[in-house]
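Enquirer: A predicted structure for the sequence below; I have some questions about it.
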Amino acid sequence: MTKEIDKATPRPWAFEPHNGYGRKDPDGTPFPFGYISTSFPSPIFELVPVVLRPVEELRANAALIVRAVNAHDDLVAALRAVEAISDRCVNAETYSAQDALDDLQDIRSIISCSRAALAKAKGE
């Protein structure tokens, strides 16, 4: 992981809509659309649309952010596993049929992990 990502708030994250969105607090400050929070729940940051969009679109955007962040570690792990086995396979001079058989279980595991990570990223 990059150093910036390692410093990020631990996952999973969640979206918490603000019930007052579209209204203002007693001081006249508009309420935010909602918050991205940790599972505690503890708000990490608030979501305030820069341009007015339909509420359904804003909710979908918030859900996409949360899904992408929560799936990140699994997707990176799956891709690193693919990269590792690919590095072994591309060296045709030293990679044998027996190596391929030995790697078969790893490949099955990588496929399973990759499918799970992809399903998580897609919200399935």
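Expert: All right, it came through fine.
Enquirer: backbone phi and psi for Ala78, please?
Expert: When read as degrees, to the nearest 10, the backbone of Ala78 gives phi -60, psi -40.
Enquirer: ok, Arg11 next?
Expert: Backbone geometry at Arg11, expressed as degrees, to the nearest 10, gives phi -100, psi 160.
Enquirer: over to the one 4 residues further on?
Expert: The phi and psi values for Phe15, taken as degrees, to the nearest 10, are phi -100, psi 130.
Enquirer: what stretches of the chain score poorly on pLDDT?
Expert: Within the chain, the stretches falling below the threshold (pLDDT under 70) are 1-5, 91-92.
Enquirer: what residues sit buried inside stretch 109-124?
Expert: The neighbour-count criterion (16 or more other C-beta atoms under 10 Å) identifies Ile110, Cys113, Ser114, Ala117, Lys120, Ala121 as the buried residues of stretch 109-124. The way it works is simple: take the backbone N, C-alpha and C, and place the C-beta from them, glycine included.
Enquirer: what's the burial count for the residue nearest to Arg59 when sequence neighbours are not counted?
Expert: In space, Arg59 comes closest to Pro17 once its chain neighbours are excluded; the distance is 7.1 Å by C-beta to C-beta, 6 or more residues apart in numbering. When neighbours are defined as other C-beta atoms under 10 Å, Pro17 has 15 of them.
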